[in-house]
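Enquirer: coords below, sequence missing:
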């Protein structure tokens, strides 16, 4: 049974500052060292302009987050004229005392304005690398990183563990590291295997900069596809049952479904009012449930791309939802036709006892009879039928961010703040063993 999880994470707000008076145009020369759009211009725009000029907040209809959007310009026309900074609106807006853009904030330093002018004078060239050209060095760890996500492959032979800039593929019993899947996203927020286990989807990104989805060949440890999406981190990735597409949420409040083959958009759902942290397909692949920080579970029909209803606010289809106040609720997947004026949770099957802290991870057992919930310092396992507490998985240092059941139902794995992966017997919750999933100082620590 697939599951969804809801996390509370801090929002990174991008500021915007005013730009100062620039040097005289006659002082700009094309013969000096070339200005790099990626290395020199993007950091200036990101730190000072993208707070108001980004895809979901295009002040003046202007997006300054990508080269293509910069060339397109806004309601006042093209942003710049390559080779002619004195005819470029961008330059006109950033010089002056005070400058016209932006309305508030401190001015940029003169050398930053000069870089923008010189870049335009040199032809405003784009040197943005393609996904294939970006090479990330293999991370070196001195201490275990926080583990945000773990997942067993469907046959239990592999355990995927999220690290920094990478996912580590271990043997399913935790006795050996097989592959290090190093990618562009520094933060890996979510991982998921395809139903046949041949592919692994990875969602994450760089907060306030870009979202990233990767799809890996699990047998060869090779990257199959990588897509840069949006301007902020992505969360809650899930594979469609047929393995041809993945769904995920994001800090931009959007639920997306894309084709694995070419990254084309199948779903762009914008009904959430806050960050979307989880997605899960129904077993037949016809519907998708998304979970957001707006405390909403949205049911989406994928064939029509129609929003069916809020599940919260089944017969054999259920979804569990955890929150930052420690609450855990089990819902049937259905439209909320019995909604009352008091907005009672008519689809709620059961509410479990409040946890020790915010709920960071939830996972159904393979047969759907038990539910594991990760909170602060421990994870608890409940019976789904009656909500009874079966046992407590203790020994964690800090929050438990990830839980995964081995498909044969024999083992339950947890991980989180302290960087360790712990195995417990699923029958009684007794610890089996634990290990650090990353090489420390170049040597893998495992036992």
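Expert: Great, that's in hand. Treat the numbers as computed from the prediction; the structure is a model and nothing was measured.

Enquirer: domain boundaries for the protein, per the record?
Expert: Domains of the chain are assigned by automatic domain parsing as 25-121, 133-444.

Enquirer: which one of those domains has the lowest average pLDDT?
Expert: Lowest mean pLDDT of the domains of the chain: domain 25-121, a mean of 83.

Enquirer: figure out how far that one is from the centre of its chain.
Expert: Centroid separation between domain 25-121 and its chain, computed with CA atoms, centre = their mean, to the nearest Å, is 29 Å.

Enquirer: which residues are contacting the helix or strand harbouring residue 226?
Expert: In this structure, residue 226 sits in strand 222-229 according to DSSP states H and E. The contact list for strand 222-229 (CB atoms under 8 Å, 6 or more residues apart in numbering) reads 131, 181, 183-184, 199, 210-217, 250, 256, 258, 260-261, 263. No exception for glycine: its C-beta is placed from N, CA and C like everyone else's.

Enquirer: so what are the sheet partners of that strand and their directions?
Expert: Strands adjacent to strand 222-229 in the sheet, as given by DSSP bridges, are strand 210-217 (antiparallel).

Enquirer: ends of stretch 123-141, how far apart?
Expert: End-to-end distance for stretch 123-141, by CA to CA, to the nearest Å: 41 Å.

Enquirer: so which of the domains of the chain is nearest residue 127?
Expert: For residue 127, the closest of these is domain 25-121, at 5.3 Å, according to CB to CB.

Enquirer: am I right that residue 437 sits in a helix?
Expert: No - membership of residue 437 in a helix is not supported by DSSP: H, G, I helix; E, B strand; the rest coil, which gives coil.

Enquirer: could you say which helix or strand holds residue 117?
Expert: For residue 117, the host element (DSSP H and E) is helix 110-121.

Enquirer: try residue 252
Expert: Residue 252 belongs to no helix or strand when assigned by DSSP H and E.

Enquirer: isn't it right next to residue 231, touching?
Expert: Yes - using CB atoms under 8 Å, residue 252 is in contact with residue 231, at 7.0 Å.

Enquirer: who touches both of those two?
Expert: Shared contacts of residue 252 and residue 231 (CB under 8 Å, 6+ apart): 55, 211.

Enquirer: look at the two and report which has more neighbours.
Expert: Applying other CB atoms under 10 Å to residue 252 and residue 231 shows that residue 231 carries more neighbours, namely 24 against 20.

Enquirer: check the gap between that one and residue 290 for me.
Expert: Residue 231 sits 20 Å away from residue 290, going by CB to CB, to the nearest Å.

Enquirer: excluding its backbone neighbours, what's nearest residue 161?
Expert: residue 437 (4.1 Å; CB to CB, 6 or more residues apart in numbering).

Enquirer: re the thing from before, can you pull the buried residues of the helix holding residue 117?
Expert: Buried residues in helix 110-121, defined by neighbour count with 16 or more other CB atoms under 10 Å: 112, 113, 114, 115, 116, 117, 118, 119, 120, 121.

Enquirer: then stretch 258-266?
Expert: Residues 258, 260, 263 are the ones in stretch 258-266 that count as buried (16+ other CB under 10 Å).

Enquirer: wait, what's in contact with residue 272?
Expert: Residues in contact with residue 272, defined by CB under 8 Å, 6+ apart, are 249, 253, 254, 255, 290, 292, 294, 296, 298.

Enquirer: repeat that for residue 214.
Expert: Listed by CB under 8 Å, 6+ apart, the contact set of residue 214 reads 181, 183, 184, 185, 201, 202, 223, 225, 226, 227.

Enquirer: cutoff 6 Å now
Expert: Residues near residue 214 by CB atoms under 6 Å, 6 or more residues apart in numbering: 183, 202, 226.

Enquirer: ok, residue 410 next?
Expert: Applying CB under 6 Å, 6+ apart to residue 410 gives the contacts residue 426.

Enquirer: quick check on it: phi, psi?
Expert: The phi and psi values for residue 410, taken as degrees, to the nearest 10, are phi -90, psi -30.

Enquirer: separation between it and residue 153?
Expert: Plainly put, residue 410 is 15 Å away from residue 153 if you go by CB to CB.

Enquirer: quick one: terminal-to-terminal distance for stretch 128-138?
Expert: Start-to-end span of stretch 128-138 (CA to CA) is 22 Å.
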